[in-house]
Structure formats: structure tokens, C-alpha cells
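A.B. asks: Mind looking at a prediction? Sequence and model below.
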Amino acid sequence: MPARPLRRAVAVLACSASLLLLPQAASSSPSGGGLRAGEPGSGPPTWTVDVSSRSPDGALATEVRWSDVPNSLWAHTAIDYVGATNDWMRDWKAGADGRYEFRPDKRESRGLFARALFRAFGAGVGQDANLSFPDLPSTDNFFRFANVAVSAGWMETAQDGSFRPNDPVTTREVHRALVLAIGFGDLAAGADALHLRDGTAIDTPKDFGTLLIGMRIGLRYNHGGESLDVGPDDPLSRAEVAWSLFRASTEPTWMHDSLSKYATMTLPNLSKKLQRVVAFAVKYVAYPYVWAGEWNVPTGSGYCCGAQPVGGFDCSGLTWWVMKQPVSGWDPTPPRDYEGWSLPERVSASMAAVGKHVRWDDKRPGDLLFYDGDDDGRVDHVDTFIGGGWAIDSGGSNAGVTLTWVSNNWYEDHFVHARRILT
């Protein structure tokens, strides 16, 4: 892998903040300061929910106590909701001291996740009498949970029909299951069918739609310590799954309508080169928000600009990854199959300070859009406009990379100017 640019050693900018009932940690500068120090940016706040009045009939919320979930744990509220207020992930009996184990750091198996799905969303969903699994007999206690999860389309089997009940679930699988289980499948299908106005299809990866919608509805937790952030195909701990299940089950009633444009995602007719830009960018949807991140994989400690513990991007790092042309010491090809454009600055505020300024009404696909989220006169966020109201964006409130609608909302309200780099 080529070395990364020296400019990153000067400063990098965290591009979004989050406001949550259980706050997602604001990305912070890793130890070592100096080389990778950044400035806190801002972004649109995500939704909040009051779960205090959501205890179902018969819940054991007042009786369940955890032996291994301290109040300081980032997922404490989520674990209480899915394991105490509800029994969806209450998977082990209480010990002699009357307390339950949750095992937050243990990998969540597909079998246990299927049971949680069944308990949370499976009421009224019937089994498929013709469905069987070579590795899960019908006499197994987990068979009906797997049967419902697969027959409902929430989970998939291996090519040979195996359910793999003991394998860990991944971010991709959890997002797929929960987005479909809560009835947001039409939004995911619209994203999967991403196309230009003339009907030209954009090649999107498997499960692109459910990953994207899962990010937009807050299923991913944005950790303050970037080494804890998970990618699309990472196996998940029970704490991560609890967070996702908690968020999915408490989605506000207005959420679906607020994301309705994803059901008919259409871009204007783009040049062949911009089509390749979009096709490249969609491969990184659901990569985590990483402070100073500008690469798709972890980097070693020997790099000039500080190690990146996991693959992922902050807002200006994603802009570099997608748009910057290869130069000495920086060459993202492969995996990119196109030349980028001149972009000598790394920080969003610096990017915004040079070049041709463009007004909101004059923006075109390929323009970089800059925002002042704190209303303090200082640019603190950037994304790349791809037309039709959509932008390629990485922010803390989405916990990573998404395609985001930027018209008539927070983004337009906080827009400063665009910069045209395409030639």
C-alpha cells in the first residue's frame, strides 16, 4: 500500500457530532495528539427516543440485574432494553446470586440472533413447512427461529442451504435483518436499484440497500476509540447487536416517511467518469466513521501520518479517497479505476478556502459541498455532490459512509459554498 499524504500530519477534521439518548461517542484524537490532532466538527443531530414508558406487559425490567454490564458500558441502555425491559436477548438463566449474564463482549451467533429477531418481530410470522437446514434439524430448539428468520427473508442460508447457527453474525447480516423486519424494505430496494435518469443502472454491492438504510436509521454505534469501530463484514459482539436491535425497535414513527426518497433513488445523467466515481463510492457505504480516516484498511504504525486502526473515513478523508488524483506518495489505484482531480488540501476548512466558489443553486455533480454546522463562521464538514439532491458523505451522526439527501434539510440550512474541482 502506498504511503499517505504528509498533509494529514498537520491536522485532520472530525466532521460530525451526534446527539443521542445513549450518546454515541464523539470521535476523539487518538493518543499521541500532535500528528493526528483534529478539531471537533458538527453535523445533523440524529433522533432520540424516550424508552422509559416502553416496558411491555410482563416484562421483568425491575427484576433483571446484570453481573457483567456496568452502568459505564457504552451499550448499557441498549442492553437493558433488549434484555431486561424485553427478553429478546436474555439468553442465560440467572445465577445463584439472582443476577443474569449478558456477555456483552461475546460474539453473537446466528442462532441467538435469529431467536432475538423472533422474539422482537416474529409475532404472527409463520414457519415454512417445506424449509429445512442440513445443519439444524427440525427437532432443535433453534429450528423454528431460523425457519421464521429465513422464510421472512430477514436472514439467508449458505449456498448449500445451511443455516450456520454457531457462526457469528456480521454488520451486513444484522442490518439486513432489522431493516427488513421493521418494514423498511422498500427503501432498501429503491437504493439497490440506484440508477440514472436515462435508466442506466449503477452497480451496487450485495445488501447495499439494507446497509445504507441501516446506517441512516442509526443501527451502527460510533465509538470514540476507533479501534472498536466495525465494518460491514465484521462479526459483531452481543453489545453491538443489542445496540442495533434497540435502535431498530425504537425507530420513531416518522422515520420511514423522512427517508422516503431512498425508495426512488435517481441520479441525473452523469458522464462515464462520474458514473465510475459513484460506482466506486457505493462500495464503501457502511464503512465506519474514523477520525482522520482516509483509507479502506488499517494502516501500520510506520506510516508518516499516524496509524489508522480500522478501515474507514472522516468527511474530508472520504473526499480524498473518492476524488483526489494520484500523486507521489498517494495512489488509491487500485482499487480505483479512474483518475481523480487536483485536491491539495486535506482538511475541510482548507479545501473550502481555495478554488472557485459555487452557490447552492449552481452546484453540479462532482462539486464539493461545505458546511458550517456550528454556525460559528467556520467550515467543519464536507461531502461530494452527485446530483439529484444526493451526496457521498461520512459523518458521526450516521456513524460512517452513506449516500445522503442534502436538500431542504440540515445540510442546505448549514451550506456555506461549493467548490468545483472537475475539469
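C.D. replies: Here it is on my side, so go on.

A.B. asks: got any ranges where the chain has weak pLDDT?
C.D. replies: 1-43, 50-62, 302-306 (pLDDT under 70).

A.B. asks: And the strands in it?
C.D. replies: Remark: strands assigned in the chain by DSSP state E are 12-13, 38-39, 195-196, 266-267, 294-295, 312-313, 357-358, 368-371, 381-387, 390-395, 400-405, 415-419.

A.B. asks: Among those strands, which comes closest to Val174?
C.D. replies: strand 400-405 (14.3 Å; C-beta to C-beta). For every residue, glycine as well, the C-beta is placed using N, CA and C.

A.B. asks: can you list contacts of the closest one?
C.D. replies: 191, 194, 212, 215-216, 220, 222, 229, 261-262, 265, 281-282, 284-289, 312-313, 318, 383, 386, 389-395, 398, 411 (C-beta atoms under 8 Å, 6 or more residues apart in numbering).

A.B. asks: and if you look at stretch 134-150?
C.D. replies: With C-beta under 8 Å, 6+ apart as the criterion, stretch 134-150 contacts 110-111, 114-115, 117-118, 122, 125-128, 131-133, 155-157, 160-165, 177.

A.B. asks: Can you list the buried residues in it?
C.D. replies: Asp135, Leu136, Phe142, Phe143, Phe145, Ala146, Asn147, Val148, Ala149, Val150 (16 or more other C-beta atoms under 10 Å).

A.B. asks: what sits against the residue nearest to the second one when sequence neighbours are not counted?
C.D. replies: Read that as Leu136. Excluding the flanking residues, the one nearest Leu136 by C-beta to C-beta, 6 or more residues apart in numbering is Phe163, at 4.8 Å. Residues in contact with Phe163, defined by C-beta under 8 Å, 6+ apart, are Arg110, Gly111, Ala114, Phe133, Asp135, Leu136, Ala146, Val150, Met155, Thr157.

A.B. asks: what about Val241, how many neighbours?
C.D. replies: Applying other C-beta atoms under 10 Å, we find 29 residues neighbouring Val241.

A.B. asks: all numbers from here: first residue = 802
C.D. replies: Shifting the count to begin at 802 puts that one at Val1042.

A.B. asks: hmm, back to that, how close does the residue nearest to Leu937 sit to Gly923?
C.D. replies: 16 Å (C-beta to C-beta, to the nearest Å).

A.B. asks: Please apply the same query to Thr1224.
C.D. replies: For Thr1224 relative to Gly923 (C-beta to C-beta), the value is 55 Å.

A.B. asks: Looking at these two, which is more packed in?
C.D. replies: More crowded of Thr1224 and Gly923, by other C-beta under 10 Å: Gly923, with 20 against 6.

A.B. asks: Now do the phi/psi pair for that one.
C.D. replies: Per-residue torsions, Gly923: phi -90, psi 0 (degrees, to the nearest 10).

A.B. asks: Nearest residue to it in space, please, no chain neighbours.
C.D. replies: Val949 (5.1 Å).

A.B. asks: Show me the helices in the stretch 952-1101 of the chain, by range?
C.D. replies: 972-982, 986-993, 1009-1017, 1039-1050, 1056-1059, 1073-1082 (DSSP state H, counting those that start in this stretch).

A.B. asks: Which one, of those helices, ends up nearest to Ser1129?
C.D. replies: When these are ranked by proximity to Ser1129 (C-beta to C-beta), helix 1073-1082 comes first, at 21.7 Å.

A.B. asks: Show me what the closest one is packed up against.
C.D. replies: With contacts defined as 3 or more C-beta pairs under 8 Å, 6 or more residues apart in numbering; DSSP states H and E, helix 1073-1082 has these neighbours: helix 1116-1124, strand 1182-1188.

A.B. asks: how far does the shortest one sit from the chain's center?
C.D. replies: So that's strand 1182-1188. 17 Å (C-alpha atoms, centre = their mean, to the nearest Å).

A.B. asks: Extract the C-alpha set from that strand and format it as PDB.
C.D. replies: Only the C-alpha atoms of strand 1182-1188 are listed here, as PDB (Å, rounded to 0.1, in the frame of the first residue of the first chain):
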ATOM      1  CA  HIS A1182     -17.900  19.400   7.200                       C
ATOM      2  CA  VAL A1183     -17.600  18.400   3.500                       C
ATOM      3  CA  ASP A1184     -19.200  15.900   1.200                       C
ATOM      4  CA  THR A1185     -19.300  15.300  -2.600                       C
ATOM      5  CA  PHE A1186     -22.500  16.200  -4.600                       C
ATOM      6  CA  ILE A1187     -23.500  13.500  -7.100                       C
ATOM      7  CA  GLY A1188     -26.700  15.200  -8.300                       C
END
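
A.B. asks: so what strands line up beside it?
C.D. replies: Strand pairing for strand 1182-1188, using DSSP bridges, gives strand 1169-1172 (antiparallel), strand 1191-1196 (antiparallel).

A.B. asks: CSV for those strands, including distance to Leu1075 and mean neighbour count?
C.D. replies: Below are the strands paired with strand 1182-1188 laid out as CSV (distance: least, C-beta to C-beta, whole Å; neighbours: other C-beta atoms under 10 Å):
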stretch, distance to Leu1075, mean neighbour count
strand 1169-1172, 14, 26
strand 1191-1196, 11, 28
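
A.B. asks: Now distance to Ser1045 too, for these, in a markdown table please.
C.D. replies: Shown next, in a markdown table, are the strands paired with strand 1182-1188 (distance: least, C-beta to C-beta, whole Å):
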| stretch | distance to Ser1045 |
| --- | --- |
| strand 1169-1172 | 28 |
| strand 1191-1196 | 19 |
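
A.B. asks: right, and these - which one's nearest Lys1074?
C.D. replies: Distance to Lys1074, taken as C-beta to C-beta, is lowest for strand 1191-1196 among the strands paired with strand 1182-1188, at 14.8 Å.

A.B. asks: I'd like to check the angle between the closest one and helix 1073-1082, please.
C.D. replies: For strand 1191-1196 against helix 1073-1082, the angle between stretch directions is 40 degrees (axes from the mean of the first three to the mean of the last three C-alpha atoms, to 10 degrees).

A.B. asks: And for strand 1191-1196, what's in contact with it?
C.D. replies: 816-817, 844-845, 1066, 1068, 1079, 1082, 1088, 1090, 1113-1116, 1118-1119, 1123, 1170, 1182, 1184-1187, 1201-1207, 1212.

A.B. asks: again, only using 6 Å
C.D. replies: With C-beta atoms under 6 Å, 6 or more residues apart in numbering as the test, strand 1191-1196 has contacts from 816-817, 844, 1082, 1090, 1114, 1116, 1119, 1184-1186, 1202-1205, 1207.
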